[in-house]
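> quick one: sequence and predicted model below, then my questions.
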Amino acid sequence: MVKSSDVVLILVAILFPPAAAAFITGCSCDLLINICLTILGYFPGHIHAFWLIYKKMQAEERYGQGGFIYAGSGHYQPLHNHNQVYHAAPGYGAVHQG
């Protein structure tokens, strides 16, 4: 589902593709790639920016709004893994085990 924030990202990508890439990925390798593609040709920068927007929309559908982080190369990871169990080290904390 397309949200208003995605529409704004698409408009930014049409005007200046590296700005859209920066909004999505932050200061990452994908931003550098998009800058290089935009310098080499305006159209390749658009394709890369639209691909990043598409991958972000997929992550929102899969993990929910704000439930993911960007892992690089168009991949996203969930923020919270509900299947993972954390175990404290033995003897850790205020309880004396003796």
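Cool, the structure landed.
> show the contacting residues for residue 4.
Residues counted as contacts of residue 4 (C-beta atoms under 8 Å, 6 or more residues apart in numbering): none. Just so you know, the C-beta spots here come from the backbone N, C-alpha and C atoms, and that holds for glycine as well.
> ok, so what distance separates it from residue 69?
Going from residue 4 to residue 69 by C-beta to C-beta, to the nearest Å gives 22 Å.
> then residue 2?
Here residue 2 is placed at a distance of 22 Å from residue 69 (C-beta to C-beta).
> residue 71 falls within a helix, correct?
No - checked against DSSP: H, G, I helix; E, B strand; the rest coil, residue 71 lies outside a helix; its state is strand.
> what number of residues lie near it?
If you count neighbours by other C-beta atoms under 10 Å, residue 71 ends up with 11.
> which residues touch the nearest residue to it once chain neighbours are set aside?
Leaving aside its chain neighbours, residue 71 sits nearest to residue 77 (4.8 Å; criterion: C-beta to C-beta, 6 or more residues apart in numbering). Contact analysis of residue 77 by C-beta under 8 Å, 6+ apart lists 68-69, 71.
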